[in-house]
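*Asks:* Structure for this input, please:
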Amino acid sequence: MSVLTAEELHAALALRDLSDPAQGPHAIQLIVDQLRTALGQAWPYTEIWTRRDHPVVSLADNYDNLGYAAGAVTREARYTRYASAGEVLRSHTSAMIPPALRELAGSGASDVLMVCAGICYRRDSVDWQHTGTPHQLDLWRISRNVTLGETELEGMIARLVDTVLPGQTYRTVPAVHPYTIHGRQIDVLLEDQWIEIGECGVAAPHVPRMAGLDESWTGLAMGPGLDRLLMLRKGIRDIRLLRSTDPRVAAQMRDLTPYKEVSAMPAVRRDLSVVVGAEVDISAEALGDRVRQVLGADADAAESVEVRGETPYDDLPETARARLRLEPGQRNVLVRLVLRPLDRTLTDAEANQLRDRVYSALHEGPVLELIGQ
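*Replies:* So this is what the prediction gives:
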């Protein structure tokens, strides 16, 4: 098992949680407030519990107590950030639900809406709508007074969209989660593209049972992405802007009014030709994770990373194999790296240095083609 170093853990915990009012105001908090208020009005006899836990959680609450199988691939260190053998940086705010349910089991409450917001830690692609440290909101209503099922879930979905994205066209598609039944993914239409804003379902009976609640309890589970909701609400097309320190941008992250574009820095494109083994994962999520790791403090300079093509050994001309010194079973992968810091323009030398760091991290062949030296 790969465990984070003390330095890596400190860096992760030092990142500001935009959903936490104690760390300064941000428009993401207004989204949380709006949903808390709207659902409170829809369910006037339901108690509202707002919970904010430390991002280092037990492996059990992040996975086992939500119903994840012992062998689930998501538990692997390439997907999960292990702080120790039994603790992880939460991969979703659903990790706050098991302790909240245990608290409910020891209380006298009978109908509760749990509001759990916070930063999460994942492996994800590098593009305009993804980040490795997204903000999520878990909204779970648990009741033994009201039987909660698909009809109530549909009403909750409609309330979510009407509150945060009024007038938007939305759809739901079936989705499978270990902690729900009748699971769904919620998408909204942006121009001609469906954008996922969250997932939901009827709470799977085993989740409250494991927390000590008997079969009389039913529930609804919803997990919208706060970054995505804010971006759609304000018309923002670059997730990095949510954390921008540019005063022209940061001032606009205090309200929910439409975003006004500020002059953008020019993009720098670098195309990389790398050699990788047949077993190497070159999915968008895997590439994004590796690029963020190798760039470290400079990771926000990467606007996007994408695979433009891949050619296996057998399909490459002999001249290309010889130039790259490709071995049987390896592939030649073309990767496009777009660099555009939000606060400054890169010089060619700086862009080349960043390019070389990414290239060196991805390339497994003996011939290095560095341009920044």
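
*Asks:* Assign a three-state SS to residue 264, would you?
*Replies:* State at residue 264, reduced to three classes by DSSP: H, G, I helix; E, B strand; the rest coil: coil.

*Asks:* so what's it up against?
*Replies:* Residues in contact with residue 264, defined by C-beta atoms under 8 Å, 6 or more residues apart in numbering, are residue 340. Heads up, the C-betas are built off the backbone N, CA and C, glycines and all.

*Asks:* Also the one 5 residues further on?
*Replies:* Residues near residue 269 by C-beta under 8 Å, 6+ apart: 336-339.

*Asks:* What are the buried residues along the strand or helix carrying it?
*Replies:* Here residue 269, judged by DSSP states H and E, is contained in strand 268-277. Within strand 268-277, the residues that count as buried by 16 or more other C-beta atoms under 10 Å are 268, 270, 272-276.

*Asks:* For the stretch 151-300 of the chain, which segments count as strands?
*Replies:* Applying DSSP state E, counting those that start in this stretch to the stretch 151-300 of the chain gives strands spanning 170-174, 180-190, 193-203, 218-224, 268-277.

*Asks:* want to throw the ones you listed into TSV with mean pLDDT?
*Replies:* Below are those laid out as TSV (pLDDT from 0 to 100):
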stretch	mean pLDDT
strand 170-174	98
strand 180-190	97
strand 193-203	97
strand 218-224	98
strand 268-277	93
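
*Asks:* how about those in TSV, adding distance to residue 102?
*Replies:* As requested, the strands of the stretch 151-300 of the chain are exported to TSV (distance: least, C-beta to C-beta, whole Å):
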stretch	distance to residue 102
strand 170-174	30
strand 180-190	19
strand 193-203	15
strand 218-224	14
strand 268-277	45
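
*Asks:* which regions of the chain sit below the pLDDT cut-off?
*Replies:* Scanning the chain for pLDDT under 70 picks out the ranges 373.

*Asks:* Please enumerate the helices of it.
*Replies:* 6-14, 27-42, 59-62, 97-105, 150-164, 206-210, 226-234, 247-250, 284-295, 318-324, 348-362 (DSSP state H).

*Asks:* taking those helices together, which one is wrapped up most tightly?
*Replies:* Most buried of the helices of the chain by mean neighbour count (mean count of other C-beta atoms under 10 Å) is helix 226-234; its value is a mean of 22.

*Asks:* just checking, what packs against that one?
*Replies:* Applying 3 or more C-beta pairs under 8 Å, 6 or more residues apart in numbering; DSSP states H and E, we find helix 226-234 packed against helix 27-42, strand 135-143, helix 150-164, strand 193-203.

*Asks:* And the contacts of that helix?
*Replies:* 18-19, 27-28, 31-32, 117, 129, 131, 134-137, 164-165, 168, 188, 190, 195-198, 236-237, 239, 242, 252, 256-259.

*Asks:* Show me which of these are buried.
*Replies:* Buried among the contacts of helix 226-234 by 16+ other C-beta under 10 Å: 18-19, 27-28, 31-32, 117, 129, 131, 134-137, 164-165, 188, 190, 195, 197-198, 236, 239, 242, 252, 259.

*Asks:* next one: stretch 64-71 to chain centre, how far?
*Replies:* Chain-centre distance of stretch 64-71: 20 Å, with C-alpha atoms, centre = their mean, to the nearest Å.

*Asks:* what residues are up against the residue positioned nearest the centre of the chain?
*Replies:* Central residue of the chain (C-alpha atoms, centre = their mean): residue 134, 4.0 Å from the mean position. Residue 134 is in contact with 119-120, 122, 124, 225-227, counting by C-beta under 8 Å, 6+ apart.

*Asks:* tell me the two of those that are most distant?
*Replies:* Spatially, the most separated pair among the contacts of residue 134 is 124 and 226, at 14.7 Å (C-beta to C-beta).

*Asks:* Just give me the neighbour total for residue 182.
*Replies:* Close neighbours of residue 182, defined as other C-beta atoms under 10 Å, add up to 13.

*Asks:* for residue 200, same thing?
*Replies:* Neighbour count for residue 200, taken as other C-beta under 10 Å: 26.

*Asks:* What of residue 194?
*Replies:* Quick note: residue 194 (other C-beta under 10 Å) scores 14 neighbours.

*Asks:* Against residue 159, how distant is the closest residue to residue 222 other than its chain neighbours?
*Replies:* With sequence-adjacent residues excluded and distances taken as C-beta to C-beta, 6 or more residues apart in numbering, residue 222 is closest to residue 200, at 4.0 Å. Separation of residue 200 from residue 159 (C-beta to C-beta, to the nearest Å): 11 Å.

*Asks:* again with residue 45
*Replies:* 16 Å.

*Asks:* likewise residue 75?
*Replies:* Counting by C-beta to C-beta, the gap from residue 75 to residue 159 is 33 Å.

*Asks:* same deal with residue 97?
*Replies:* 20 Å.

*Asks:* same question, residue 26
*Replies:* Residue 26 is 23 Å from residue 159, by C-beta to C-beta.

*Asks:* for residue 130, same thing?
*Replies:* 26 Å.

*Asks:* what's around residue 326, how many residues?
*Replies:* 21.

*Asks:* Now do the contacts for it.
*Replies:* 275, 313, 316, 320, 332, 365.

*Asks:* I figured the first one was touching residue 323, is that so?
*Replies:* No: because the distance of 10.6 Å does not satisfy C-beta atoms under 8 Å, residue 275 is recorded as not touching residue 323.

*Asks:* Could you list the domains of this protein?
*Replies:* 6-234, 268-362 (automatic domain parsing).

*Asks:* List just the one of those domains that sits closest to residue 247.
*Replies:* domain 268-362 (10.3 Å).

*Asks:* Distance from the chain centre to the closest one, please.
*Replies:* 22 Å.
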